[in-house]
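K.L.:
I'd like to go over a predicted model; first the sequence, then the structure.
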Amino acid sequence: MKIVIFGATEIGWLLATTFFEDHDITIIENEENFSENFSSLDVSLITGNACDMRVLQQADIMSADIFIACTPLDEANIVACLSAKKIGGIRTICFVSREEYKNTLYFEKSNGMGRDFFIDYIIWPEELLTQEIFRIVTVAKALDVENFADGRARLLEYKVTPNMPITNKKVKECRFTNDTLIVGITRGGELFIPNGETTLLADDKLIFMGTSHSLDILAGTFFHEKEYVKNVAIIGGGTVGFMLAQSLESLKIKTKIIETNYARCEKLSQDLKYSMVIHGDGTDLKLLDEESIGDCDVVISVTNNDEKNLLCSLLAKQLGVQRVIARVSKVLNIPLFEKVGIDIAISPKNSAINEVKNDLAENDVDILATVEQGKGELLETLVKPEFSGKKIMDLKLPAPSIIGIIRRRNKVIIPKGDTELRENDSLIIFTKSENADVIKEFFKVK
């Protein structure tokens, strides 16, 4: 597949590093914006602006399959995508940073106003980030949350602490709840697929899949007792902070939002119904103490500055907050945040890359989500006739992986080794990202 990317941004670099080994990648950018990172990749570099038809022709847009615009300028991304669609008729993916652009572009496409002159897929990373944080916040103590089958099944991630009853026990000895599977463990930064003989250690991060009901019981039994998220503090009243506060209000979760810009505080006060808006600096320890931030169940720092988010998060931990979530703009900073004790570090760019990966999938297997900063993937595929009637234990999968959920019509099944597959069952499979391709190939139509 030939992919043309407009924008030598961090997102452009992440896309290039993700796809260059299996696809023909061309990067378009002004010369002064190219970094040495791109020269180390086996990609074609073209100097110029993709809003210029001549530059698109130089990139051989007519023979390309996908055009992705991810510069910092929404207007340039939109014009470039429309230009690529006009002269090449190819699939276009456009990154935007403002809600009004996303809404307008979707409206024009859904109402047929553009006919053949429209953008195929619009990605607003801040919206994806908000959705991901909201899922995590609503489950006490969870490090990651993914919902499946209209919320009837889930993936939850928890950290093992020294005083838990499962610490230093083998998986088979833990007696986890029925309809629950432990599908992955991250230990010392490395993700692996466990078995019954695997011993759980303090600081392990455990990834479970199961029905929502069974996971609620699991959480209450092993990770927290009747504990619910009641109050949240958000540091940063920008777009993400505002959307998060709106979502938390819908669940009647008591919310405080701290913002340094007074005019923005006035706007937030007008648009939010129940949240407390505080004018101040999230790095002011005295302010945080006066506002009883240490009593919050969760603190979320979502300013546009990584250094500020890190400092705010560390101060919140110092005040005794048990769970802190930080927005990280630079993906490479995520390990640093986790190393110094931040519970959950999330990048909007990682969420956006996952969306693109799924959109570009060329086979019958979808990528539902990634976990542990892309180390693990959740794949979904339909059972083909040749697999119908086979037991899971007889599949002989080509790489370590676990079928965590089976959707059969309206039923959600958490399978065991002797569970038989049926044609058109939908399988949700957990595996390491490095093994995802061989798992996809295994389930492809022969």
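P.N.:
The structure has been received and is ready for your questions. Given the structure is predicted, the values throughout are model-derived calculations rather than measurements.
K.L.:
dihedrals phi and psi, residue 249?
P.N.:
phi -60, psi -40 (degrees, to the nearest 10).
K.L.:
swap in residue 121?
P.N.:
Main-chain torsions, residue 121, degrees, to the nearest 10: phi -140, psi 120.
K.L.:
got the contact list for the helix or strand harbouring residue 184?
P.N.:
Under the criterion of DSSP states H and E, residue 184 resides in strand 180-187. Contacts to strand 180-187, defined as C-beta atoms under 8 Å, 6 or more residues apart in numbering, come from residues 155, 171, 176, 191-194, 198, 200-201, 203-211, 214-215, 218, 371-372, 375-376, 402, 404, 414, 430. C-beta here means a position set from N, CA and C on the backbone, and glycine is covered the same way.
K.L.:
mind checking which of the residues you listed are buried?
P.N.:
Buried members of the contacts of strand 180-187, counted by 16 or more other C-beta atoms under 10 Å: 155, 171, 176, 191, 193-194, 198, 200, 204-211, 214-215, 218, 371-372, 375-376, 402, 404, 414, 430.
K.L.:
taking those residues one by one, which sit in helices?
P.N.:
214, 215, 218 (DSSP state H).
K.L.:
okay, those residues in TSV with distance to residue 398 and pLDDT next?
P.N.:
As requested, these are exported to TSV (distance: C-beta to C-beta, whole Å; pLDDT from 0 to 100):
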residue	distance to residue 398	pLDDT
214	29	91
215	29	89
218	30	88
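K.L.:
what mean pLDDT does stretch 102-115 have?
P.N.:
Mean pLDDT, stretch 102-115: 65.
K.L.:
make residue 1 into 36 and carry on from there
P.N.:
From this message on, residue numbering opens at 36, which makes the last subject stretch 137-150.
K.L.:
pLDDT score for residue 481?
P.N.:
52.
K.L.:
how about residue 124?
P.N.:
The confidence metric pLDDT takes the value 82 at residue 124.
K.L.:
ok, now how distant is it from residue 40?
P.N.:
Distance of residue 124 to residue 40, computed by C-beta to C-beta, to the nearest Å: 18 Å.
K.L.:
among the two, which residue is more densely surrounded?
P.N.:
Neighbour count, other C-beta atoms under 10 Å: between residue 124 and residue 40, residue 40 has more, with 28 against 12.
K.L.:
quick one: low-confidence parts of this protein?
P.N.:
Scanning the chain with the threshold set as pLDDT under 70 gives 142-152, 260-262, 396-400, 480-481.
K.L.:
would you mind finding the longest helix in it?
P.N.:
helix 109-123.
K.L.:
may I see the buried residues of it?
P.N.:
For helix 109-123, by 16+ other C-beta under 10 Å, it's 109, 111, 112, 113, 114, 115, 116, 117, 118, 119, 120, 123.
K.L.:
taking those residues, tell me the two that lie furthest apart.
P.N.:
When C-beta to C-beta is used, the two most widely separated members of the buried residues of helix 109-123 are 109 and 123, lying 21.0 Å apart.
K.L.:
let me see the domain layout of this protein.
P.N.:
Split into domains by automatic domain parsing, the chain comes to 37-158, 176-258, 263-385, 394-478.
K.L.:
relative to residue 167, which of those domains is closest?
P.N.:
Ranking those by their distance to residue 167 (criterion: C-beta to C-beta) puts domain 263-385 first, at 6.0 Å.
K.L.:
can you get me the start-to-end distance on the closest one?
P.N.:
Using C-alpha to C-alpha, to the nearest Å, one end of domain 263-385 lies 28 Å from the other.
K.L.:
again with stretch 198-206
P.N.:
Using C-alpha to C-alpha, the end-to-end distance of stretch 198-206 comes to 16 Å.
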